[in-house]
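Novice: 3D, please:
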Amino acid sequence: MTVTWRSAVSYALVVVVLSWLTGAAVDLAWTAAFDGGLGGWVSLWATDPWNAVFVVAATASLTLTRGLLSALPRVRAVLVDGFAYLATLLACSGLSAWAGGEDAPADTASMMAVYSLFTLQLPAAWLLCVWRTGRLEVVLSRA
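Specialist: Got it, this is the predicted structure:
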């Protein structure tokens, strides 16, 4: 049994876009409450082209993960998809740091993973995976 491609794309879009928006909104609230200036928030979330790369790459990653793997039990699907989301976040953050000329892009990538925990981006992705895996359309494979 496999998941339909339409369902996999819908699942990936909901998980990635809503979790990214959650991270941006929480960070905006923190910035507005404690920092006062929105320049740092705009440069990190709104104008950084690597955020668009992450959204596209994470959507493709989750779509391929759900579309190519056989239908897994819900808990395993959440674990696999959560790992795919985190791996994409680490890869995009590391590539962004490397392209920016930083000396330790792996450190920056791991710091962004921790930052996404604080902005609730990763927990939102995990919760959205739990919610959306129950709504995936499963069909019999052609084997």
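
Novice: hang on, Ala71 in a helix?
Specialist: No. In this structure, Ala71 is coil, not part of a helix, as judged by DSSP: H, G, I helix; E, B strand; the rest coil.

Novice: residue boundaries of the strands in the chain?
Specialist: 2-3, 138-139 (DSSP state E).

Novice: what does the last one rub up against?
Specialist: In other words, strand 138-139. By C-beta atoms under 8 Å, 6 or more residues apart in numbering, the surrounding residues in contact with strand 138-139 are Met1, Thr2, Val3, Thr4, Ala71. Any C-beta I mention is one placed from the backbone N, CA and C, and that applies to glycine too.

Novice: Show the pLDDT at the first one.
Specialist: Predicted confidence (pLDDT) for Met1: 68.

Novice: follow-up on the earlier one: kindly supply the PyMOL command isolating those of the contacts of strand 138-139 that are buried.
Specialist: The buried subset of the contacts of strand 138-139, as determined by 16 or more other C-beta atoms under 10 Å, is captured in PyMOL by this line:
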select buried, resi 2+3+71
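
Novice: Quick one: neighbours of Leu120, just the number.
Specialist: Look at Leu120: counted by other C-beta atoms under 10 Å, it has 16 neighbours.
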